[in-house]
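*Asks:* model this:
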Amino acid sequence: MADRDLERRVAMYLAERQMPGLRRMVVIARAGIVTLRGRVASFYEKQMALSCGRSVMGVESLVDQVQVT
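*Replies:* Have a look, this model is predicted:
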């Protein structure tokens with residue numbers, strides 16, 4: 001239950017950033033370790049995704065699987 005809540009909160013935070021690539025991120029959480037997976041159009045969007053993912057309370061570690069296309 002806690003993992004699903006963390007996934008939901010991270011996904012919502014990313015969606016609020018008003019960047020299309022961030023809204024399409026796949027968020028997977030396991031015991032506070034969050035994996036972000038997806039494709040974005042620029043390095044800036046990737047940095048935003050990672051920064052936003054780290055800033056959500058409960059995220060202990062972030063695994064970067066974001067690709068710039």
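*Asks:* got a list of contacts for stretch 10-20?
*Replies:* The set of residues external to stretch 10-20 that reach it, using CB atoms under 8 Å, 6 or more residues apart in numbering, is 22-23, 25, 27, 29, 34, 36, 40, 45, 48-49, 52-53, 55-56, 59. For every residue, glycine as well, the C-beta is placed using N, CA and C.
*Asks:* In helices, which of those appear?
*Replies:* Assigned to helices by DSSP state H, the following of these qualify: 22-23, 45, 48-49, 52-53, 55.
*Asks:* farthest pair in the residues you listed?
*Replies:* The span of the ones in helices among the contacts of stretch 10-20, defined through CB to CB, is set by 23 and 55 at 16.8 Å.
*Asks:* Is there a quick ChimeraX command that grabs whichever of the contacts of stretch 10-20 are buried?
*Replies:* This is the ChimeraX syntax for the buried subset of those, where burial follows 16 or more other CB atoms under 10 Å:
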select :22,25,27,29,34,36,40,45,48,49,52,53,56,59
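*Asks:* quick one on the thing from earlier: of the ones in helices among the contacts of stretch 10-20, which is the nearest to residue 1?
*Replies:* residue 53 (20.1 Å).
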